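Asker: here you go, sequence then predicted model.
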Amino acid sequence: MTQKKYERKAVVKILEDRCKGCWYCVNYCPTKVLVISDKMNAKGYHPPEFREDKEHVCIACHLCELYCPDFAIFVEELK
């Protein structure tokens with residue numbers, strides 16, 4: 001099966017200290033640009049980390065923003 005190629009449309013900004021580790025953003029990201037970080041925030045949770053490569057790019061769907069109960073994620077669209 002061939003992987004779809006997407007064009008990068010945005011960057012995800014994460015406010016790590018607001019995160020409580022629910023990982024809805026990681027689970028619902030359709031292109032899998034969010035992963036669980038190895039580091040811990042001040043609350044003791046592992047926040048998500050924005051990571052892109054050739055096969056995984058942010059398409060600005062804003063699902064991470066919509067699902068985050070703590071308003072810890074913002075999508076900054078590229079012009």
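Answerer: Great, that's in hand.
Asker: now the helices for the protein?
Answerer: Along the chain, counting by DSSP state H, helices occupy 24-28, 63-67.
Asker: how about the spatially most central residue of the chain, what does it touch?
Answerer: Closest residue to the average C-alpha location of the chain: Leu34 at 3.6 Å, with C-alpha atoms, centre = their mean. Shown in contact with Leu34 (C-beta atoms under 8 Å, 6 or more residues apart in numbering): Val12, Cys25, Val26, Pro48, Glu49, Phe50, Arg51, Cys64. Bear in mind the C-beta positions are built from the backbone N, C-alpha and C, glycine included.
Asker: run the last query once more with 10 Å
Answerer: Leu34 makes contacts with 12, 14, 23-28, 47-52, 56, 58, 63-64, 73, as judged by C-beta atoms under 10 Å, 6 or more residues apart in numbering.
Asker: state the number of residues packed around Val35.
Answerer: For Val35, the neighbour count with other C-beta atoms under 10 Å is 15.
Asker: apologies, that question was intended for Ala72.
Answerer: Neighbour count for Ala72, taken as other C-beta under 10 Å: 21.
Asker: touching, Lys32 and Val26? I think so.
Answerer: Yes: the criterion here is C-beta atoms under 10 Å, and Lys32 meets it with Val26 at 8.2 Å.
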